[in-house]
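Colleague: dropping the sequence and predicted coords here.
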Amino acid sequence: MMTHLVPQAGEKVERRVAVLIHGGVIARELAIPCVNGIASAVDLLENGEIVTVDGHIGNVTVGPPESDLGRHSETEQMRSTDSMVCLTGGTGYIGGRLLPLLESRGVSVRCLTRRPESLEGQVSGATQVVRADVLDRDSLMAAFQGVQAAYYLVHSMGTHGDFEEDDRKAASNFVAAARENGVRRIIYLGGLGESTQQLSAHLRSRHEVGEILRSSGAQVIEFRASIVIGSGSLSFELIRSLVERLPVMICPKWVSTPTQPIAVEDVLDYLLAALDLDGSESRVFEIGGPDQVSYGDIMREYARQRGLKRLMISVPVLTPRLSSLWLGLVTPVYARVGRKLIEGVRNPTLVRDSAALDAFDIRPRGLRDAIQRALANEDREFASTRWSDALSSGGDPRR
């Protein structure tokens, strides 16, 4: 069947990979789609090329409709340029950095947020910004229509009240919307920690969310990470504030807890690569840099690179609870979130399963390089996102 592309004068066609993006559809009564652009826009298409027009979302796609793709594998269909990827947490630290990377790859992104105005001027013209709240199930149902893969990058640590219950409710609503709309793949960033240990509330909730997401019936790719090193991250700002402000540090026992930090750039590489991962089984990947160190080691390496001499005195009787209260006094970061994070540092967070190195062509950088890059960005005031971007002035997480 021949499809007539009716140009609308005075506008411009934007071609992203194999998709012609236009701003609207005219003459709906006549069922004639319109491409914003000059009359010669149709010259972008070769004679005899198959074109699919979706008048609902306003895309003209070069290639057959999805219904004709049955001969391709499920993974290949999700890689298709006309597959919609849903991003939650797009106003947060990780999601805010992932969004432009997805756009640069030509991925069709639908970004869910409670405050669409917070993303104004920060997304490409092809990205859809939809008002939705993971704590409001009804708002998610419509937002998930046509979604093939979805990123779950939200948490409730900054909220008042029971953040574990909020995490549980948010994940359950996400699962209901994903199941109803046939989402095929969910990509989730959680936290390391042995389930057999007595985990902190923060890590326990991260693991529980992964379990809830797997109940959706979709393939779930869960990444579990320890401390993330990057300009603007909560972990990095805590370390920076402590080392910069305190020439002599009274260190609680948790400073010697082993951890396996990972650079934010490597976390983003894993999240991007998960879209193209072959197979249909749910997987849990433990990710981290090559260095297994203590929190004290991270602070010493930071001080070394800053040229600071710092004395660290160990005081084992200083519990995580007491040290979290002290933390709120000496650091400018958001105290409630910091306390919940610090209460979890008693748990070792090490990579015990190296499956991620086999499944992905990613080799994370070491601690020294990660801190060096983070410092360069901090010194240039170039942190593209900060952990606090996900918090409103009232302390509620932005989703």
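Modeller: Arrived safely, thanks for sending.

Colleague: tell me which residues of the helix or strand hosting S172 come out buried.
Modeller: For S172, the host element (DSSP states H and E) is helix 163-181. Neighbour-count burial for helix 163-181, counted by 16 or more other CB atoms under 10 Å, picks out 163-164, 166-175, 177-178, 181. Using the backbone N, CA and C atoms, a C-beta is placed for each residue, glycine as well.

Colleague: how is this protein carved up into domains?
Modeller: Domains of the chain are assigned by automatic domain parsing as 6-63, 74-390.

Colleague: average pLDDT for the longest one?
Modeller: Think domain 74-390. The average pLDDT within domain 74-390 is 86.

Colleague: related to what we said a few turns ago, does anything pack onto the helix holding S172? Which helices or strands?
Modeller: Where contact means 3 or more CB pairs under 8 Å, 6 or more residues apart in numbering; DSSP states H and E, helix 163-181 is packed against helix 137-143, strand 147-152, helix 201-214.

Colleague: the inter-axis angle of it versus helix 201-214?
Modeller: Orientation check (axes from the mean of the first three to the mean of the last three CA atoms, to 10 degrees): helix 163-181 against helix 201-214 gives 10 degrees.

Colleague: helix/strand/coil for E194?
Modeller: Three-state call for E194 (DSSP: H, G, I helix; E, B strand; the rest coil): coil.

Colleague: was I right to think it contacts R352?
Modeller: Yes: with contact defined as CB atoms under 8 Å, E194 reaches R352; the gap is 7.5 Å.

Colleague: so between those two, which is more surrounded?
Modeller: Legend: neighbour count by other CB atoms under 10 Å for E194 and R352, higher for E194 (14 against 10).

Colleague: residues contacting that one?
Modeller: N347, P348, R352 (CB atoms under 8 Å, 6 or more residues apart in numbering).

Colleague: so where do the helices sit in this structure?
Modeller: Secondary structure of the chain, counting by DSSP state H: helices at 74-79, 93-104, 137-143, 163-181, 201-214, 234-245, 264-273, 295-306, 320-330, 335-342, 355-359, 367-379.

Colleague: count of neighbours near the closest residue to N347 other than its chain neighbours?
Modeller: Leaving aside its chain neighbours, N347 sits nearest to G193 (4.8 Å; criterion: CB to CB, 6 or more residues apart in numbering). Residues lying near G193 (other CB under 10 Å) number 22.

Colleague: likewise T88?
Modeller: For T88, the neighbour count with other CB under 10 Å is 25.

Colleague: can you name the residues bridging to it?
Modeller: L112 (DSSP bridges).

Colleague: could you dump the helices and strands packed on helix 163-181 into CSV with mean neighbour count and distance to I371 added?
Modeller: Listed next are the helices and strands packed on helix 163-181 as CSV, based on neighbours: other CB atoms under 10 Å; distance: least, CB to CB, whole Å:
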stretch, mean neighbour count, distance to I371
helix 137-143, 17, 38
strand 147-152, 25, 27
helix 201-214, 20, 23
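
Colleague: indicate which one of the ones you listed is closest to T91.
Modeller: Comparison of the helices and strands packed on helix 163-181 against T91 by CB to CB identifies strand 147-152 as nearest, at 12.9 Å.

Colleague: ok, that closest one: who's next to it in the sheet?
Modeller: For strand 147-152, the paired strands and their directions (DSSP bridges) are strand 84-88 (parallel), strand 185-191 (parallel).

Colleague: quick revisit: A263: which of the buried residues of helix 163-181 is nearest?
Modeller: Proximity of the buried residues of helix 163-181 to A263 (CB to CB) peaks at D167, which lies at 25.6 Å.

Colleague: identify the residues contacting the closest residue to Q260 other than its chain neighbours.
Modeller: Nearest residue to Q260, sequence neighbours excluded (CB to CB, 6+ apart): G288, at 3.5 Å. By CB under 8 Å, 6+ apart, the residues touching G288 are L192, A225, S226, Q260, P261, I262, L350, V351, P364.

Colleague: go ahead and confirm the fourth one touches G289.
Modeller: Yes: with contact defined as CB under 8 Å, Q260 and G289 form a contacting pair (6.4 Å).

Colleague: what do those two both touch?
Modeller: Common neighbours of Q260 and G289 (CB under 8 Å, 6+ apart) do not exist.

Colleague: thinking again about what came up before, so of the contacts of G288, which ones are in strands?
Modeller: Of the contacts of G288, the ones assigned to strands by DSSP state E are A225, I262.

Colleague: right, and out of the contacts of G288, which lies closest to D133?
Modeller: The closest of those, once distances to D133 are taken by CB to CB, is A225, at 25.5 Å.

Colleague: from S108, how far out is that closest one?
Modeller: Counting by CB to CB, to the nearest Å, the gap from A225 to S108 is 27 Å.

Colleague: repeat for S195
Modeller: Per CB to CB, S195 is found 36 Å from S108.

Colleague: repeat that for Y151.
Modeller: Look at Y151 and S108: by CB to CB, they are 13 Å apart.

Colleague: go through the contacts of E194 and name the one nearest R137.
Modeller: Comparing these against R137 with CB to CB places N347 closest, at 31.8 Å.
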